[in-house]
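Engineer: Quick one: sequence plus predicted model below, questions after.
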Amino acid sequence: MIRTIVINIIRFVLLMFIQVFLLKNISLYNLSTPYVYILFIMLLPFGTPNLLLFALAFITGLTIDAFYDTPGLHAAACIVLAFVRVLFISITVQKEGFDNEPDPSLSVMGFRWFFTYSLTLTLFHHFFLFSLETFHFSEIKYTLSRFVLSSLFTVFLMLVTGLLFFRRRETK
């Protein structure tokens, strides 16, 4: 229990640091911006109570909003992400089969499940974020292209991160 809390605090600080100080300045032709910070919400253990999940999602979004000068956009998108996470996990995972409540990571759940999970949640998050950000029908092509390309870039970075870090934990 304490180990899980410490790991998630370190994960939060590390992902916020990477997002704010490294990935904020990376943009491919102003069309694709990675938002890897959502990995914190996605990797919370299955047994996380919904109230705590939504509170952590809100805090995560507000932290990014503070650095990106986007009042409430990321917080709202993170709340949507948490809601879709609850629905996705309740549909696809049988919680009774897990004794120690693992994280929904690549090494625990497998590539196919994690890819579907990360792609679905990222698509919802990015669609909501970019729709709130632009909110003009005249900019629909630009918004959709940003949504698709940013989602693909973010999922790619999540999979690379999962393959680099979470695979090693399984072999110990």
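Structural biologist: Right, received. Where do you want to start?

Engineer: Please identify which helix or strand holds the closest residue to G72 other than its chain neighbours.
Structural biologist: Excluding its sequence neighbours, the residue lying closest to G72 (C-beta to C-beta, 6 or more residues apart in numbering) is D65, at 6.2 Å. The way it works is simple: take the backbone N, C-alpha and C, and place the C-beta from them, glycine included. Under the criterion of DSSP states H and E, D65 resides in helix 50-68.

Engineer: Average pLDDT for that helix, rounded please.
Structural biologist: Per-residue pLDDT over helix 50-68 has a mean of 95.

Engineer: Output the contacting helices and strands for it.
Structural biologist: helix 2-21, helix 39-42, helix 73-92 (3 or more C-beta pairs under 8 Å, 6 or more residues apart in numbering; DSSP states H and E).

Engineer: Work out the gap between the shortest one and the centre of the chain.
Structural biologist: Using C-alpha atoms, centre = their mean, to the nearest Å, we find the averaged C-alpha position of helix 39-42 to lie 4 Å away from the chain's own average C-alpha position.

Engineer: try the first one
Structural biologist: Distance of helix 2-21 from the chain centroid (C-alpha atoms, centre = their mean) equals 13 Å.

Engineer: Need the contact partners of that helix.
Structural biologist: Residues outside helix 2-21 that contact it (C-beta atoms under 8 Å, 6 or more residues apart in numbering) are 35-37, 39-40, 43-45, 60, 63-64, 67.

Engineer: buried subset of the residues you listed?
Structural biologist: 35-37, 39-40, 43-45, 60, 63-64 (16 or more other C-beta atoms under 10 Å).

Engineer: In the chain, where is pLDDT below threshold?
Structural biologist: For the chain, the stretches with pLDDT under 70 are 94-101, 166-172.

Engineer: please redo it, this time with the cut-off set to 90
Structural biologist: Scanning the chain for pLDDT under 90 picks out the ranges 1-5, 7-8, 23-33, 45-48, 70, 89-114, 131-146, 160-172.
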